[in-house]
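Asker: Below are the sequence and a predicted model; questions follow.
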Amino acid sequence: MKEKILVFNVLLMVVSIFYSLFLLSISMFGFLFLCVYEMWENKLSFKKEIKSATPFIVLSLVFWGIVFSGINSSDLSNWTRHLRLKLPFLFLPFCFYVLRESIAKYQDWIKIGFLATCVFSSIQVLVQFINPDTVIFEIAKGRSLDTPVDHIKYSLFIAFGVILSFLKFRDSKHSSRRVLYLFVAILLFVTLHLLAVRSGLVVFYFTALVLTLRAFIRNPSFVSALVIATIVISPFIAYKTVPSIQKKIEYSLYDFKMYRQGKGDMYSDSERIYSGIVGTKIFKESPILGSGIGDLKDACTKIYTSELNKKSVKYPHNQFLFILAGMGIVGLIFFMVGMYFPAFYYRKNMEDLFLAILIIYLTSFAVENTLERSYSIAFYLLFLLVPMCTLAVSNENR
């Protein structure tokens, strides 16, 4: 019964990442409840498990960096908002570690549930192409398709879905399942390209290339070389054949032209450039501790209004620069160790899915403050912690 509740709770989390922040909060509390019950029922002791638990514990440094930044944050209200946002980094790794055996046992259910949600949501997106001319016109004007969550984060989810379905296709031993996974991969691949979100396309092709190169290095073959060549030329083919991608590139060039003319106030790429300028300036003013994460919004507002003469105020559209501006070099150290120590710890037997989620988020950090949305944090932690649970159980059994 306990395992059934756990599976339901994980699947609820998967669906809520796409559709409901309220249900996402419920699923978070569900993990806490299950964790406490597991500890009480089995009278768990962690004295002998500290080494195995280390990568899970270190993940919490992302949260503790926010706590530390409260030292030089005068706006405590905004600081506590950032604290609440990063709270999953404190308790979810611990909960997943306690429940690791059950999560590892049902990892396939979690992956299939995610793919099913991707397929369902992609159909909702693709229905908009009933009137393709209207959709292409909107994209040409810089607008995006209607998606369950922010279109940039959604494109990352779909990019991960394509990778996951290809991995399931590769590893499945049943011909009928292989056909099903291939169909899902093609459907999500088409959805990703019709969305024409550059972040999603870049992270997909880069992740696919890294994973294929990794396979080629381990076991050189003609098939792997052919796949690598296909990945390299596919973006050019997509640009020539997918109208939505063509219009998006044309709009991006127009956007950059407006920025160079000083008219980029209402254009997304120009806003990214302005936010980068502002973030860099804030970091230079206080490189060690930053502005204080609670005061970052006020620091951005001051530079936007007084120096750039802009009314629209944005946080830096770069996760690393966001951390540097708000928390300085000290905060970035907390962040980098917390985020990437698990990869270092499991480097010798890291599976492709683990590597894929790391690459997707690391790449997206260059152009987005990806971890400043609760559903994006939940997605990252879920698909980082699931393979970590599998690896932890495998190491313990070994």
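Answerer: Right, received. Where do you want to start?

Asker: for the stretch 51-200 of the chain, what are the low-confidence residue spans?
Answerer: Scanning the stretch 51-200 of the chain for pLDDT under 70 picks out 138, 140-142.

Asker: what's the neighbour count on residue 220?
Answerer: When neighbours are defined as other C-beta atoms under 10 Å, residue 220 has 9 of them. C-beta: built from backbone N, CA, C; applies to glycine.

Asker: gap between it and residue 228?
Answerer: 11 Å (C-beta to C-beta, to the nearest Å).

Asker: show me what contacts residue 211?
Answerer: Contact analysis of residue 211 by C-beta atoms under 8 Å, 6 or more residues apart in numbering lists 163, 352, 355-356.

Asker: go again using 10 Å as the cut-off
Answerer: 163, 166-167, 227, 231, 352-353, 355-356, 359 (C-beta atoms under 10 Å, 6 or more residues apart in numbering).

Asker: give me the element it is part of.
Answerer: In the assignment (DSSP states H and E), residue 211 maps to helix 198-218.

Asker: packing partners for the next helix-or-strand element following that helix?
Answerer: Per DSSP H and E, the first helix or strand lying C-terminal to helix 198-218 is helix 222-241. Other helices and strands packing on helix 222-241, by 3 or more C-beta pairs under 10 Å, 6 or more residues apart in numbering; DSSP states H and E, are helix 175-195, helix 198-218, helix 243-260.

Asker: Would you mind listing the buried residues in helix 222-241?
Answerer: By neighbour count with 16 or more other C-beta atoms under 10 Å, helix 222-241 contains the buried residues 224, 227-228, 231, 234, 238.

Asker: What segments of the stretch 1-150 of the chain are strands?
Answerer: With strands called from DSSP state E, counting those that start in this stretch, the stretch 1-150 of the chain shows none.

Asker: longest single helix anywhere in the protein?
Answerer: As assigned by DSSP state H, the longest helix anywhere in the chain is helix 319-345.

Asker: What average pLDDT does that one get?
Answerer: Per-residue pLDDT over helix 319-345 has a mean of 94.

Asker: Could you pull out the buried residues of that helix?
Answerer: Across helix 319-345, burial judged by 16+ other C-beta under 10 Å covers 319-328, 330-332, 334-335, 338-339, 341-343, 345.

Asker: what's residue 168 sitting at in phi/psi?
Answerer: Residue 168 adopts backbone torsions of phi -70, psi -40, taken as degrees, to the nearest 10.

Asker: ok now do the nearest residue to it once chain neighbours are set aside, which residues does it touch?
Answerer: Once flanking residues are discounted, residue 168 sits nearest to residue 181: 4.4 Å by C-beta to C-beta, 6 or more residues apart in numbering. Contacts of residue 181 were listed using C-beta under 10 Å, 6+ apart, and they are 112, 115, 164-172, 174.

Asker: And stretch 151-160, what's buried?
Answerer: Buried residues in stretch 151-160 (16+ other C-beta under 10 Å): 151-160.

Asker: do the same with stretch 19-31
Answerer: 19, 24, 27-28, 30-31.

Asker: Which one of these is nearest to residue 193?
Answerer: Using C-beta to C-beta, the shortest approach to residue 193 within the buried residues of stretch 19-31 belongs to residue 19, at 23.2 Å.

Asker: Would you mind measuring from the closest residue to that closest one other than its chain neighbours to residue 195?
Answerer: Nearest residue to residue 19, sequence neighbours excluded (C-beta to C-beta, 6+ apart): residue 148, at 5.6 Å. For residue 148, the distance to residue 195 (C-beta to C-beta) stands at 12 Å.

Asker: Which residues are in contact with each of the two?
Answerer: 122, 125, 154.

Asker: My guess is the last one contacts residue 145. True?
Answerer: Yes: using C-beta atoms under 10 Å, residue 154 is in contact with residue 145, at 9.1 Å.

Asker: any common contacting residues for the two?
Answerer: 125, 191, 195, 197.

Asker: and the third one, how many residues sit next to it?
Answerer: When you say that, I think you mean residue 195. By other C-beta under 10 Å, neighbour count at residue 195 equals 26.

Asker: do the same with the first one
Answerer: Counted with other C-beta under 10 Å, the burial measure for residue 125 works out to 19 neighbours.

Asker: show me what contacts it?
Answerer: The contact partners of residue 125, by C-beta under 10 Å, 6+ apart, come to 145-148, 151, 154, 158, 191-192, 194-195.

Asker: Over to residue 60?
Answerer: Going by C-beta under 10 Å, 6+ apart, residue 60 touches 67, 86, 88-94, 334, 338.

Asker: Now with 7 Å, please.
Answerer: Neighbouring residues of residue 60 by C-beta atoms under 7 Å, 6 or more residues apart in numbering: 89-90, 93, 338.

Asker: do the same with residue 369
Answerer: Applying C-beta under 7 Å, 6+ apart, we find residue 369 in contact with 315-319, 322.

Asker: Could you do residue 159 as well?
Answerer: Residue 159 makes contact with 192, 200, 203-204, 360, according to C-beta under 7 Å, 6+ apart.

Asker: Equivalent analysis for residue 145, please.
Answerer: Listed by C-beta under 7 Å, 6+ apart, the contact partners of residue 145 are 125, 128, 135, 151, 195.

Asker: export those to TSV and tack on distance to residue 305?
Answerer: Formatted as TSV, those follow (distance: C-beta to C-beta, whole Å):
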residue	distance to residue 305
125	37
128	37
135	36
151	28
195	34
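
Asker: and the two most separated of these?
Answerer: The largest separation in the contacts of residue 145, counting by C-beta to C-beta, is between 135 and 151 at 12.8 Å.

Asker: Sweet, I'm off.
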